[in-house]
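J.: build me a model from this:
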Amino acid sequence: MSGHEAINPIHPSMVDKLDPAFVKLYDEHVANTPNRPIDLEVLRKNYSKIYSYGTAPAPEIKDVKDIKFPSFDGYEVTLRVYRPNGSNPDDLLPVHIDFHGGGWGLGDLDTESHILKHYVELAQIAVVDVDYRLVPDFAFPTGLKDCYEATKYIYDHASKLGFLKDSISIGGVSAGGNICLAVSHLIRDLGIPLVLCAAGTPQVDDIEPYKTAQDAPYPSVSECEFAPTLNWARLKWFDKLKWDSLSKDPIEKEAQLKEIGWFKSIITAPNWENLPKTVIYTAGCDPMRDEGEAYATKLLQNGNEVVFKRFPGVPHPFMHMDADLWQASQFIKMTAFELALAHKTVKSFT
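T.: Reported below is the predicted structural model:
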């Protein structure tokens, strides 16, 4: 598939909507890159460095280790554990569980490490990043189930892992935002308390039925059809990757779709009562802006506590560009503050 990004230069429909600081950054580093067909393996190898041209140095966190746990089918999923500098190894710490972004088919434990290090340093909490399985290698929603199982595992083994059982939060960006919102429903159903769910630019809707951007019910999809970094063509590419992960056998696929259920479009979740306090941050120039805001609205309509902000003039993955964009540095600091507030570490907020 070619022409998946309108980068030569930023599309005329988007220039006036974007912050000039982003336009300058993008023009200097990306706009002259030739369009090529997407190669999934090449993209995976480079994905965690794709926005490095705008990423500021992160704090050095010295206590970082990888552990594994058995997921629902026995598969060993890696968890990367960060603990604040100066914390006692025997201390039980509040913990935030992160589910990285990447459209379900990209991303790894390096994708958001720079952001997570800021959370550790600013909020003085532990962070666990989940290396969930990706499509199309594993059928959707295997990755979501991995993240659900990881959350349960951390809750069940909190003391052994060095965490406070009653001070667990979850979060993620993009597809990871979708995952954390879905997991908040599932964990609530188990009676496990979460102190916070923090979703950045979350994917919410199922776009499979829409042939064009204009078919989508959310205006931001057509308004930002040609947005830089994430546009309609790339959204459809990611969506195809997800649904192509299902079985080609009609009977088996029907069973898979039945299991997927409301995960297909998480705004159709059956129960909206007693969800944890939820942070939802959207980007003004993101095709998925309005669906994230619709989700926040539905949370509020059902009596849940919500912290919401739309960051103006920036595209979907803006939070990775904190060297140049005030919106990105504010996203990181505001999320870290909400984590500190939820975990009652505000006195240590740095």
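J.: now do the same contact list for the closest residue to residue 230 other than its chain neighbours.
T.: Nearest non-adjacent residue to residue 230, counting by Cβ to Cβ, 6 or more residues apart in numbering: residue 316, 3.9 Å away. The way it works is simple: take the backbone N, C-alpha and C, and place the C-beta from them, glycine included. Residue 316 makes contacts with 174, 201, 227, 229-230, 283, 285-288, as judged by Cβ atoms under 8 Å, 6 or more residues apart in numbering.
J.: ok, now which ones touch the residue nearest to residue 54 when sequence neighbours are not counted?
T.: Using Cβ to Cβ, 6+ apart and skipping residues adjacent in sequence, the residue nearest residue 54 is residue 321, 3.0 Å away. Listed by Cβ under 8 Å, 6+ apart, the contact set of residue 321 reads 22, 25, 51, 53-55, 314, 328.
J.: before we move on, back to that, looking at the contacts of residue 316, which is nearest residue 335?
T.: When these are ranked by distance to residue 335 (Cβ to Cβ), residue 201 comes first, at 11.8 Å.
J.: run through the residues that contact that closest one.
T.: Here residue 201 is in contact with 173-174, 177, 281-283, 286, 288-289, 292, 316-319 (Cβ under 8 Å, 6+ apart).
J.: then residue 303?
T.: So residue 303 contacts residue 273 (Cβ under 8 Å, 6+ apart).
J.: before we move on, back to that, and the contacts of residue 201, which are buried?
T.: 173-174, 177, 281-283, 286, 288-289, 292, 316-319 (16 or more other Cβ atoms under 10 Å).
J.: can you give me the strands in this structure?
T.: Taking DSSP state E as the criterion, the chain carries its strands at 63-70, 76-83, 93-99, 126-130, 163-173, 196-200, 278-283, 306-311.
J.: distance of residue 315 from residue 145?
T.: Between residue 315 and residue 145 the distance is 30 Å, computed by Cβ to Cβ, to the nearest Å.
J.: those two: which is more packed in?
T.: residue 315 (26 against 22; other Cβ atoms under 10 Å).
J.: check contacts around that one.
T.: Taking Cβ under 8 Å, 6+ apart, we find residue 315 in contact with 18, 22, 224, 227-230, 283, 285-286.
J.: what's the answer for residue 59, then?
T.: 85, 117-118, 120-121.
J.: look at residue 242 and say how many residues are nearby.
T.: For residue 242, using other Cβ under 10 Å, the count is 22.
J.: hmm, it is touching residue 138, no?
T.: No: at 11.0 Å, residue 242 does not count as touching residue 138 under the criterion of Cβ atoms under 8 Å.
J.: any residues in contact with both of the two?
T.: With Cβ under 8 Å, 6+ apart, residue 242 and residue 138 have no common neighbours.
J.: centre-most residue in this protein?
T.: residue 173 (1.9 Å; Cα atoms, centre = their mean).
J.: distance check, it against residue 77.
T.: Following Cβ to Cβ, the distance that separates residue 173 from residue 77 is 19 Å.
J.: in stretch 46-61, which residues are buried?
T.: Buried, per 16+ other Cβ under 10 Å, within stretch 46-61: 47-48, 50-51, 54-55, 58, 61.
J.: closest to residue 196 among those?
T.: residue 61 (20.5 Å).
J.: that closest one: what's it in contact with?
T.: For residue 61, the contacting residues are 82-85, 117, 120-121, by Cβ under 8 Å, 6+ apart.
J.: tabulate the residues you listed (a markdown table), appending pLDDT and distance to residue 269.
T.: Shown next, in a markdown table, are the contacts of residue 61 (pLDDT from 0 to 100; distance: Cβ to Cβ, whole Å):
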| residue | pLDDT | distance to residue 269 |
| --- | --- | --- |
| 82 | 98 | 30 |
| 83 | 98 | 33 |
| 84 | 97 | 34 |
| 85 | 97 | 39 |
| 117 | 98 | 32 |
| 120 | 98 | 31 |
| 121 | 97 | 34 |
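J.: let's have the residues you listed in a markdown table, adding neighbour count.
T.: Supplementary listing: the contacts of residue 61 in a markdown table, determined by neighbours: other Cβ atoms under 10 Å:
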| residue | neighbour count |
| --- | --- |
| 82 | 24 |
| 83 | 24 |
| 84 | 23 |
| 85 | 13 |
| 117 | 19 |
| 120 | 25 |
| 121 | 18 |
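J.: any chance of those in CSV, with distance to residue 160 too?
T.: Shown next, in CSV, are these (distance: Cβ to Cβ, whole Å):
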residue, distance to residue 160
82, 17
83, 14
84, 19
85, 22
117, 24
120, 20
121, 25
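J.: residues contacting residue 128?
T.: 79-82, 95-98, 150, 154.
J.: cutoff 10 Å now
T.: Applying Cβ atoms under 10 Å, 6 or more residues apart in numbering, we find residue 128 in contact with 67, 79-83, 95-98, 116, 150-151, 153-154, 161, 163, 168, 170.
J.: which ones are touching the residue nearest to residue 259 when sequence neighbours are not counted?
T.: Nearest residue to residue 259, sequence neighbours excluded (Cβ to Cβ, 6+ apart): residue 141, at 7.8 Å. The neighbours of residue 141, taking Cβ under 10 Å, 6+ apart as the test, are 104, 132, 135, 147-148, 178-179, 182, 242, 245, 256, 259-261, 263-264.
J.: which of those are buried?
T.: 104, 132, 135, 147-148, 178-179, 182, 242, 245, 256, 260, 263.
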